[in-house]
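Chemist: Prediction below, plus the sequence it came from.
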Amino acid sequence: MKTDPIMGGPDRTLTVINHQTGTTREIRPVKTVQALLRHLELTPETVLVIQGEALLCDDDPLDQNSPVEIRPVISGGSLP
């Protein structure tokens, strides 16, 4: 197993499943939802971030051992 010189331990990745693009990526772990969205260059108001059964907010920490799902926010509008 390779050692990451910056993180000081075995290489770790965070699995990100992006339902907007239909892609799955492995990225360097980040600590919060806000950091993840910044890394992916996504606007927080346009996506939902889900990990396990939990819908996460901007400042929530991420579990580095669990995949993260990115889902688009869909607005149905309002009725007249």
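Modeler: Received it, and whenever you're ready, just let me know what you need.
Chemist: Is Val47 in contact with Pro72, as I believe?
Modeler: Yes: using C-beta atoms under 8 Å, Val47 makes contact with Pro72 at a distance of 6.1 Å. (Each C-beta comes from the backbone N, C-alpha and C, glycine too.)
Chemist: Could you pull out the residues contacting both of these two?
Modeler: By C-beta atoms under 8 Å, 6 or more residues apart in numbering, Val47 and Pro72 have these common neighbours: Gln20.
Chemist: Looking at those two, which has the bigger crowd around it?
Modeler: Neighbour totals were compared for Val47 and Pro72, and Val47 leads with 19 against 12 (other C-beta atoms under 10 Å).
Chemist: right, and the secondary structure at the nearest residue to the more buried one once chain neighbours are set aside would be what?
Modeler: Using C-beta to C-beta, 6 or more residues apart in numbering and skipping residues adjacent in sequence, the residue nearest Val47 is Ile70, 5.2 Å away. For Ile70, the assignment made with DSSP: H, G, I helix; E, B strand; the rest coil gives strand.
Chemist: per-residue pLDDT, Ile70?
Modeler: In this model, Ile70 is scored at 98, pLDDT.
Chemist: Dig out what it forms beta bridges with.
Modeler: Beta-bridge partners recorded for Ile70 (DSSP bridges): Asn18, Val49.
Chemist: tally of neighbours for it?
Modeler: Using other C-beta under 10 Å, Ile70 has 21 other residues around it.
Chemist: And the helices in the protein, which stretches?
Modeler: Here the chain has its helices, by DSSP state H, at 33-40.
Chemist: for it, which spans come out with low pLDDT?
Modeler: Across the chain, the ranges flagged by pLDDT under 70 are 1-10, 76-80.
Chemist: Tabulate the CA atom coordinates of stretch 34-47 in PDB.
Modeler: Only the C-alpha atoms of stretch 34-47 are listed here, as PDB (Å, rounded to 0.1, in the frame of the first residue of the first chain):
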ATOM      1  CA  GLN A  34     -18.600  22.900   2.100                       C
ATOM      2  CA  ALA A  35     -15.000  21.800   1.300                       C
ATOM      3  CA  LEU A  36     -16.400  19.000  -0.900                       C
ATOM      4  CA  LEU A  37     -18.600  21.300  -2.900                       C
ATOM      5  CA  ARG A  38     -15.800  23.800  -3.300                       C
ATOM      6  CA  HIS A  39     -13.500  21.100  -4.600                       C
ATOM      7  CA  LEU A  40     -16.100  19.900  -7.100                       C
ATOM      8  CA  GLU A  41     -16.900  23.500  -8.000                       C
ATOM      9  CA  LEU A  42     -20.600  23.100  -7.300                       C
ATOM     10  CA  THR A  43     -22.900  25.700  -5.900                       C
ATOM     11  CA  PRO A  44     -24.500  24.600  -2.600                       C
ATOM     12  CA  GLU A  45     -28.000  25.900  -3.600                       C
ATOM     13  CA  THR A  46     -28.100  23.600  -6.600                       C
ATOM     14  CA  VAL A  47     -27.400  20.200  -5.000                       C
END
